[in-house]
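Asker: The following block contains a protein sequence and its predicted model.
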Amino acid sequence: MLSEEQVDTFHREGYLNGGAALDDDEVDVLRDELDRVIADQDREGVPQPVRLINMNRSKPEEPVWQVVNIWEASEPYRDLLSHQKITEEIAQLTRASRLRIWHDQIQYKPARTGGVNMWHQDAPLWPIIEPMTEVSAWVAMDDVDVENGCMSMVSGSHQWGNHIEFIKGLDGYDGMPDRFEDHDVEIVTRPVRKGEVHYHHALTWHGSHANKSERPRRAIAIHYMTEESRFVASGNHVMKPFVEVGDGELMRGEHFPLVWEQE
């Protein structure tokens, strides 16, 4: 469980390193499963994730591999969704009484060629759910640092609202200004060691630079919804075809499993 000081830090900054969640053996299982799922892509009769693509379409030679809902293709990843430490701490940070999975997302930057993940906010890219209160658990499967493309975050930016259009208009990854409206823009690099979990709010501005090191950079982000989350039928998202509820109804269903509930 997190201390009150850690929870306060998260609410002030919009992110927090929660410390070790997995041991080396558990990480090795997830690494092997990632390799297997990629190798089994489109293999008939084998469960598949919802999506497996290179996010860096403009520079395919500098890939950022994205796997959405690997849990639907892998039992160890499914088990990770309800990891006791992670779900209890997400509940602390969100003050939730129930947690469901919105979706998971592998982010894999290969050694030497892994590309940039541009600045963004998560929640505005998820227009089929509201409110914008989701919190993600980002679990590192490698030591992730400045050399191999760790995330950077803008401190306190989750309190500024939805500014995805401004962020999209930045002149490249290094184009972040020193000020935005009445706010100082403080960029903080966020190294995460293998097996650690790093939390961030869905409105926190974040991105990651390229991996030019000799080491891969593998991680999974698990995006959690609280009991407040509702479906917005006017939006579009890769998960929309799997929604089983009507417009404005609370999110639930087979593809959005309940993973924690207050006793």
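Answerer: Structure's in. What do you need?
Asker: Show the residue spans covered by the strands in the stretch 151-263 of the chain.
Answerer: Taking DSSP state E, counting those that start in this stretch, the strands of the stretch 151-263 of the chain run over residues 151-154, 179-180, 183-184, 187-190, 196-201, 206-208, 217-226, 230-231, 258-261.
Asker: So for Gly45, which of those sits nearest?
Answerer: Nearest of those to Gly45, taken as CB to CB: strand 217-226 at 24.7 Å. No exception for glycine: its C-beta is placed from N, CA and C like everyone else's.
Asker: Could you tell me the per-residue confidence at the closest residue in space to Thr9 that isn't next to it in sequence?
Answerer: Nearest non-adjacent residue to Thr9, counting by CB to CB, 6 or more residues apart in numbering: Leu16, 5.7 Å away. Among the per-residue scores, Leu16 shows a pLDDT of 98.
Asker: Using the three-state scheme, assign Leu16.
Answerer: In three-state terms, and counting by DSSP: H, G, I helix; E, B strand; the rest coil, Leu16 is strand.
Asker: OK, contacts around it?
Answerer: Going by CB atoms under 8 Å, 6 or more residues apart in numbering, Leu16 touches 2, 6, 9-10, 93, 198-200.
Asker: at 6 Å what do you get?
Answerer: By CB atoms under 6 Å, 6 or more residues apart in numbering, the contact list for Leu16 reads 6, 9-10, 199.
Asker: Okay, Pro110 and Met251: tell me how far apart.
Answerer: Computed with CB to CB, to the nearest Å, the distance linking Pro110 and Met251 is 34 Å.
Asker: Equivalent analysis for Arg215, please.
Answerer: 37 Å.
Asker: who's more crowded, those two?
Answerer: Set Arg215 next to Met251 and count neighbours by other CB atoms under 10 Å: Met251 wins out with 24 against 18.
Asker: residues near the residue lying closest to the more buried one once chain neighbours are set aside, how many?
Answerer: In this structure, Met251 finds its nearest non-sequential neighbour in Ser229, 4.6 Å apart by CB to CB, 6+ apart. Neighbours of Ser229 under the rule other CB under 10 Å: 24.
Asker: what's the answer for Glu61, then?
Answerer: Glu61 - counted by other CB under 10 Å - has 8 other residues nearby.
Asker: for the one 4 residues further on, same thing?
Answerer: Counted by other CB under 10 Å, the residues lying close to Trp65 total 19.
Asker: Settle this for me: it is touching Pro110, isn't it.
Answerer: No. At 7.6 Å, Trp65 and Pro110 do not qualify as touching, with contact defined as CB atoms under 6 Å.
Asker: Make TSV from the strands of the stretch 151-263 of the chain and add mean pLDDT to it.
Answerer: Shown next, in TSV, are the strands of the stretch 151-263 of the chain (pLDDT from 0 to 100):
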stretch	mean pLDDT
strand 151-154	98
strand 179-180	97
strand 183-184	97
strand 187-190	98
strand 196-201	98
strand 206-208	97
strand 217-226	97
strand 230-231	98
strand 258-261	98
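Asker: I'd like to know which of those lies nearest to Trp119.
Answerer: With CB to CB as the criterion, Trp119 lies closest to strand 206-208 of those, at 4.0 Å.
Asker: Please work out which residues outside that closest one touch it.
Answerer: Strand 206-208 has contacts (CB under 6 Å, 6+ apart) with 117-119, 149, 151, 153.
Asker: Identify the residue spatially nearest to Arg215, adjacent ones excluded.
Answerer: In space, Arg215 is closest to Asn148, 4.9 Å off (CB to CB, 6+ apart).
Asker: Which strands and helices lie in contact with the longest strand seen in the chain?
Answerer: Of all the segments of type strand in the chain, defined by DSSP state E, the longest one is strand 98-109. Where contact means 3 or more CB pairs under 6 Å, 6 or more residues apart in numbering; DSSP states H and E, strand 98-109 is packed against strand 65-68, strand 217-226, strand 258-261.
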